[in-house]
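S.K.: below: sequence and its predicted model.
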Amino acid sequence: MLTVQSFVSGMELLKKCYIGWQFDIKDELQVKLWYSAFKNTTDEQFNSIIREYIAHNEYPPKCIKNLTDILVDKALLQAKIPPEKALHFVRDIISDCGGWEYGGRTDIYRKLEKYPALSKTVKEFEATIQTMRSDDTFTADRFRKAYEQNLRDAATTRVDTLLGIKVPENSQIFGQAALPYET
């Protein structure tokens, strides 16, 4: 759990690095809002977020999400199957299972169960994958982008859970909750 001292130190560091940033450590409501978003992180995680933000951003954070996106990006880097290798990985599984026919489909999805975002992407592209040529770079690029988005959605859900941010599954704004992130 994030200590108040680490939180205050991190926010003060942001204020010193971004002259004119409108965060006011004396504004109780503002402090509560920002602290509540990160209270479930450790001191080390929070300090890492602050350092990462400062290292890669020219402008101060406009909102809490600017900082939580760093956790999402870090989670994406930990993906077991990177997007650029995902289609090749799927093709290897299809080959190992003897193709889509004669029960192969069931075996393919059984092997993909460990990778929810990839499994979701394969379901979206199943008909296309069955008929696409190996040199079809356009479809391969669309598959990679869809998988990247599914990973990002899952990572965002994972980070929101870590931070204690809840989005109702039936939310009119956000739609269905994303699949759990691949661990």
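M.R.: Ah, there it is. Residues are numbered from 1 along each chain as shown.
S.K.: was I right to think residue 94 contacts residue 111?
M.R.: No - contact criterion C-beta atoms under 8 Å: residue 94 and residue 111 do not qualify, at 9.5 Å. All C-beta spots, glycine's among them, are computed from the backbone N, C-alpha and C.
S.K.: now do the domain split for this structure, please.
M.R.: Structurally, the chain divides into domains by automatic domain parsing as follows: 4-64, 83-163.
S.K.: between those, which one is nearest to residue 75?
M.R.: Smallest distance to residue 75 across these (C-beta to C-beta): 3.9 Å, for domain 83-163.
S.K.: could I get the average pLDDT for that closest one?
M.R.: Regarding domain 83-163, the rounded mean pLDDT is 90.
S.K.: residue boundaries of the helices in this protein?
M.R.: For the chain, helices defined by DSSP state H occupy the ranges 4-17, 28-38, 43-56, 64-77, 83-96, 104-112, 116-131, 137-163.
S.K.: let me have the ones you listed in JSON lines, extended by mean neighbour count.
M.R.: Compiled in JSON lines, the helices of the chain are given as follows (neighbours: other C-beta atoms under 10 Å):
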{"stretch": "helix 4-17", "mean neighbour count": "15"}
{"stretch": "helix 28-38", "mean neighbour count": "15"}
{"stretch": "helix 43-56", "mean neighbour count": "16"}
{"stretch": "helix 64-77", "mean neighbour count": "17"}
{"stretch": "helix 83-96", "mean neighbour count": "16"}
{"stretch": "helix 104-112", "mean neighbour count": "16"}
{"stretch": "helix 116-131", "mean neighbour count": "17"}
{"stretch": "helix 137-163", "mean neighbour count": "18"}
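S.K.: I'm done for today, thanks for sticking with me.
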